[in-house]
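1. Need the 3D shape of this:
(3 chains)
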Amino acid sequence: MPKQSAHNRNLVASDVVGGSPAAGNAPRRRSWNGTDLALIGVFAALTAASIAVPPIPAGNILGVPITLQTMVVALAGLVLGAARAFAAVGLYVLLGLVGLPIFAGYQGGLGVLAMGSAGYLLSFPFAAALIGVLARPALRRVRKLTTLTTLWLFAAATAGTVLTHLCGIAGMMLNGQLAFGAALVADLPFVPGDLVKNAAAAAIAVGIHKAFPDLLRRPR
Amino acid sequence: MIKFRDVLVRPDFAEDAAPILSVPQLALGEQRISIIGANGSGKSTLLKLINGLVLPDTGTVDVDGRDTAKHGTAVRRKVAFVFTDPLSQLVMPTPLEDVELSLRRTHRNRTDRRNAAMEILTGFGLAALADQSIYQLSGGERQLAALASVLAVDPDVLVLDEPSTLLDLKNTLLLRGRLASLPQQVILATHDLELALDSERTLVVDSGTVIYDGDPPAAVDYYRKLCAGIRERMP
Amino acid sequence: MRGRAHLISAYVPGRSWLHRAPLLLKFLLLAAAGITVLSLPGALPRTAVLAVVVVLHVAAGLPVRKLVTPLRAMWLFLLVVVAYRWWVDSPAGALAVVAALLTCIYAANLLTSTTETQRLLDGLVAAVSPLQRFGADPERFALTISLMLRSIPYLLGSLHDVRDAAKARGLGSSPRAIVQPVIIGAVAYARQTGDALAARGLGEKEQ
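-> Residues are numbered from 1 along each chain as shown, chains lettered A, B, ... in the order given. Now for the predicted structure:
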């Protein structure tokens, strides 16, 4: 359906007018249109829906079960770019804090800020944005996606993982009055699984950009 | 008034290929206009140009003096678009919520919005189905719900892309009656020649150009002969 | 914005004074509980505050099960905390930390269990409204929230289908095989939604 993509490109191009002061590097970024809002809403929903998927017993070497949540956060950054990813994951965190039971274990509400997972959750929007920023250079030429692209995206996602785990450790130290060492011990078991997920997320993101080459395209 | 000037639309990623649509000069002012033509002739593109869902690669389209490329948002507020498949049109899970979505801008208060949405649905005979899932509605009910939602944004122009394709005869007649009663300017593309005759002016589109423009009965006649001619030429 | 909010909700219907109290009051009470418990030193006073919150919970007619759920969700973290604080400090020190945590969590649960999701979301949108001068757009914010809520059932369904399909193909399926179709479907779904919004002139910033 070549016509459909033409329309999407043109729709984007038609909205150069009226910048918004939200995140973005350009001095006057185009404002988001309905498709952007829908992508933000859908990825926020995806982050929420990911808690309902029981861990997938992945056939990886480490035998670590895969939960989807952090993978979706990485994918938001890799697929949507920094600004929309921040908005999507931020919306998820915000609605969870407001009280929707959409955090892991169907938790929700401000009480989550007192839990051990607080640091991880609060880091998600920033991790997604960081991943988006770092992934950007590799996705400039969507027509030529190579193994190198996948490796780059993996590295970007892993930078996000580092940020998330640092924040997570800080959160446990603060909420549980733990020393760094104790918090680190509680954190480490999740690292291998996250690396496996990053590899999958990078491969998936390449597939998505092949299917939708104009996802990150900016107006001329 | 909708005006096309020197409009060319090329396929995406193939700037040298033959244009999908070429409209040197066209002014659409009549209240009821129909567009007929074969599949892939460029009808849909012509329609999408009117509300800026597609922008011309060269030339301009303007609606009441506003260029669709420069004032896309403003134009889309004036010109609403009805898709062939109502399921792609309905954003919310029930007709009531979908109409409420359209009314969001004009009715800030939740209760007002709810009441106004119910009123609109009642006007379309859909009051009893207001809280049903859109997936439980029949094709005709869905098309009516989509029409109700689109009209709820109070557009000046309604553009419809083959609105009767998925409807049976009864629902098509219902839709025709509904369209006839609208105060808006209505521009529709259709394969249903009966529906095409419900207008003041008919365009025939073929291979990306408007090859006939005039009286509906004459245009339909021209289109019939065109199709027959093509068939005769084929072995 | 109404939507499927009730499908994903921690709300427990009831008619207690907490259910009827205004959202802002409940929010202030929650903040007060948090500040009080964190500013009180020592296990005993903190446990007392925790006891008050638990009594309120029961008085509001909320099920006891709701007190257990957060424990189940964070038992590992609690275990580490208790063991560590016990070791570096004392049993009382461990109790003080745990009491503070549970107070904050239960107090927040009181708010979410006694307030309908829609009211919470309305409150959120209202809280954003004063930011309009900085470019915030409550209308489009609310629209994005409804788009999110309406997408959750769809995405749950599609995750389910794809998981089943992967299972049917055998255990060898990678996370990628399971997730990629879901994401492709999600992006396509978002674009279709964007087109449907554009067809009505919705979702774009006022010019």
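
2. A helix includes B:Gly52, no?
-> No. Assessed with DSSP: H, G, I helix; E, B strand; the rest coil, B:Gly52 is coil; it does not lie in a helix.

3. That one is in contact with B:Gly72, isn't it?
-> Yes. Assessed by C-beta atoms under 8 Å, B:Gly52 is found in contact with B:Gly72 at 4.2 Å. Bear in mind the C-beta positions are built from the backbone N, C-alpha and C, glycine included.

4. Who has more neighbours out of the two?
-> Each of B:Gly52 and B:Gly72 has its neighbours counted (other C-beta atoms under 10 Å in any protein chain shown); B:Gly52 has more, 30 against 27.

5. Just give the nearest non-adjacent residue to the more buried one, would you?
-> Spatial nearest neighbour of B:Gly52, excluding adjacent residues (C-beta to C-beta, 6 or more residues apart in numbering or on different chains): B:Thr68 at 3.7 Å.

6. Which helix or which strand is home to B:Val159?
-> strand B:157-161 (DSSP states H and E).

7. Please disregard the earlier target; I meant B:Pro24.
-> Using DSSP H and E, B:Pro24 maps to strand B:21-28.

8. ok, residues contacting that strand?
-> B:1-9, B:42, B:45-46, B:49-50, B:59, B:187, B:208-210, B:213 (C-beta atoms under 8 Å, 6 or more residues apart in numbering or on different chains).

9. Restricted to helices, list those.
-> Counting by DSSP state H, these place B:Thr45, B:Leu46, B:Leu49, B:Ile50 in helices.

10. Which one of these is nearest to chain C?
-> Closest approach to chain C among the ones in helices among the contacts of strand B:21-28 (C-beta to the nearest C-beta): B:Ile50, at 11.5 Å.

11. didn't the closest one look like it was pressed against B:Asp64?
-> No. Counting by C-beta under 8 Å, B:Ile50 stays clear of B:Asp64, with 11.5 Å between them.

12. Among the two, which residue is more densely surrounded?
-> B:Ile50 (22 against 13).

13. which residues does the more buried one contact?
-> Counting by C-beta under 8 Å, 6+ apart, B:Ile50 has contacts B:Ile2, B:Leu28, B:Val61, B:Val63, B:Thr68, B:Val79, B:Val157, B:Val159, B:Ile187.

14. Give me the phi and psi for the residue nearest to C:Glu204 when sequence neighbours are not counted.
-> For C:Glu204, ignoring the flanking residues on the chain, the nearest one in space by C-beta to C-beta, 6+ apart is B:Thr73 at 4.2 Å. For B:Thr73, the backbone dihedrals (degrees, to the nearest 10) come out as phi -60, psi -50.

15. Quick check, B:Thr73 in contact with C:Lys205.
-> Yes. The criterion here is C-beta under 8 Å, and B:Thr73 meets it with C:Lys205 at 7.0 Å.

16. Look at those two and report which has more neighbours.
-> Using other C-beta under 10 Å as the criterion, B:Thr73 and C:Lys205 rank with B:Thr73 on top: 21 against 18.

17. What confidence value was assigned to that one?
-> Note on B:Thr73: pLDDT of 87.

18. do the one 4 residues further on as well
-> At B:Arg77, the pLDDT value in this model is 89.

19. Excluding sequence neighbours, find me the nearest residue to it.
-> Leaving out its chain neighbours, the residue that sits closest to B:Arg77 by C-beta to C-beta, 6+ apart is C:Gly201, at 4.0 Å.

20. Next: C:Thr193.
-> Per C-beta to C-beta, 6+ apart, closest to C:Thr193 is A:Ala38, 3.9 Å.

21. cool, A:Gln177 as well?
-> C:Val97 (5.1 Å).

22. Which elements pack onto the top helix by length along chain A?
-> In chain A, assigned by DSSP H, the helix with the most residues is helix A:147-176. In terms of contacts (3 or more C-beta pairs under 8 Å, 6 or more residues apart in numbering or on different chains; DSSP states H and E), helix A:147-176 is packed against helix A:69-80, helix A:118-135, helix A:180-187, helix A:191-211, helix C:75-88, helix C:91-113.

23. Go again with 6 Å.
-> Using 3 or more C-beta pairs under 6 Å, 6 or more residues apart in numbering or on different chains; DSSP states H and E as the contact test, the elements touching helix A:147-176 are helix A:69-80, helix A:118-135, helix A:180-187, helix A:191-211.
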